[in-house]
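K.L.:
below are the sequence and a predicted model for it; my questions follow.
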Amino acid sequence: MAILFGAVVALIAANVYLFLQIDSLKAELAKNRETLLAEVGRVKETSSVTSAAAQRNLDTLKDELEAARRQASMAVGQAKVDAQKHAEDLAARLAQQQKAAEAQLKGQISQVEQTATAATTKIGEVSTEVGTVKTDLSSTKAELDKTIASLKSVSGDLGVQSGLIATNGKELAALKALGERNYFEFNLRKMKQPQRVGDIMLQLKKADQKKNRYTVDITADDKRVEKKDKGVNEPVQFYTSKARQPYELVVNEVKKDVIVGYLATPKVLTGR
């Protein structure tokens, strides 16, 4: 009985302990439930706030997107307007430039036509002048041939057969045209110092206008030779080391202290 009583007492004590534990557990569960409910409420509140903020942000983004779309549409429309205006401006400028180019081209064409007309007229004048020059050349050649035919060949003072002798400027021009010799004209005055004629030096010593006689000193190859009492149109000949043929001095006119004539030298010189 004692053992049974002790077992019952122990059982009761265990039940009381279990009850106390269950009661404590119930209180703990109630507290945890309240805490959980409070936490859930806070989460719900936070979620609601977050959802509201997200919705506001979404609405704001929608508004901004719509505004951006409207601005883009307006910008596209303005761009179209600007592009069309720019194209119209370009077309107007192009038309103006084309008109200016056409006007300039017409002016150039007119100028070219005037130039061509003037050139045609000038060509006609030149053709006429060429015909005249040809006629003049023919006449000159005929006159030159006639003058050359009238020239005489005489012997010089050295007894050497001279070439053709010119007695005036016209005949001298004919000799130059033949091109057989070099000719140097001179108008030699009586002076103290010799004067250069061609590649020699001449000094007039005496000029007798009444008798058409003269005396000159000729210096060539550093040697001086006196040609005394020579007449008009008489070939005065002398040799130099530069040529095998003689040089010829011809005086066409004797004036007071002045002689007028020319010096004829060979074309081919030895160069010594």
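P.N.:
The structure has been received and is ready for your questions. It should be emphasised that the depicted structure is a prediction, and the values quoted were computed from it without experimental measurement.
K.L.:
can you list the residues that contact stretch 43-55?
P.N.:
Here stretch 43-55 makes contact (C-beta atoms under 8 Å, 6 or more residues apart in numbering) with no residue beyond itself. C-betas here are computed from N, CA, C, even on glycine.
K.L.:
may I see the buried residues of it?
P.N.:
Buried positions in stretch 43-55, judged by neighbour count with 16 or more other C-beta atoms under 10 Å: none.
K.L.:
that stretch: how far from the chain's middle?
P.N.:
82 Å (C-alpha atoms, centre = their mean, to the nearest Å).
K.L.:
only C-alpha atoms, please: export it in PDB.
P.N.:
This file holds the C-alpha atoms of stretch 43-55, laid out as PDB (Å, rounded to 0.1, in the frame of the first residue of the first chain):
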ATOM      1  CA  VAL A  43       5.700  42.400 -42.400                       C
ATOM      2  CA  LYS A  44       2.300  43.000 -43.900                       C
ATOM      3  CA  GLU A  45       2.500  46.700 -43.100                       C
ATOM      4  CA  THR A  46       6.000  46.900 -44.600                       C
ATOM      5  CA  SER A  47       4.900  44.900 -47.600                       C
ATOM      6  CA  SER A  48       2.000  47.200 -48.000                       C
ATOM      7  CA  VAL A  49       4.200  50.200 -47.800                       C
ATOM      8  CA  THR A  50       6.700  48.700 -50.200                       C
ATOM      9  CA  SER A  51       3.900  47.700 -52.600                       C
ATOM     10  CA  ALA A  52       2.500  51.200 -52.400                       C
ATOM     11  CA  ALA A  53       6.000  52.700 -53.000                       C
ATOM     12  CA  ALA A  54       6.600  50.300 -55.900                       C
ATOM     13  CA  GLN A  55       3.200  51.200 -57.300                       C
END
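K.L.:
where does pLDDT dip in the stretch 151-272 of the chain?
P.N.:
Low-confidence segments of the stretch 151-272 of the chain (pLDDT under 70): 151-157, 159-163, 271-272.
K.L.:
can I assume K227 sits in a helix?
P.N.:
No: going by DSSP: H, G, I helix; E, B strand; the rest coil, the assignment for K227 is strand, not a helix.
K.L.:
which ones are touching it?
P.N.:
Neighbours of K227 in contact, by C-beta under 8 Å, 6+ apart: 157, 215-218, 236, 238, 249.
K.L.:
what about R244, helix or strand, and which?
P.N.:
Under DSSP states H and E, no helix or strand contains R244.
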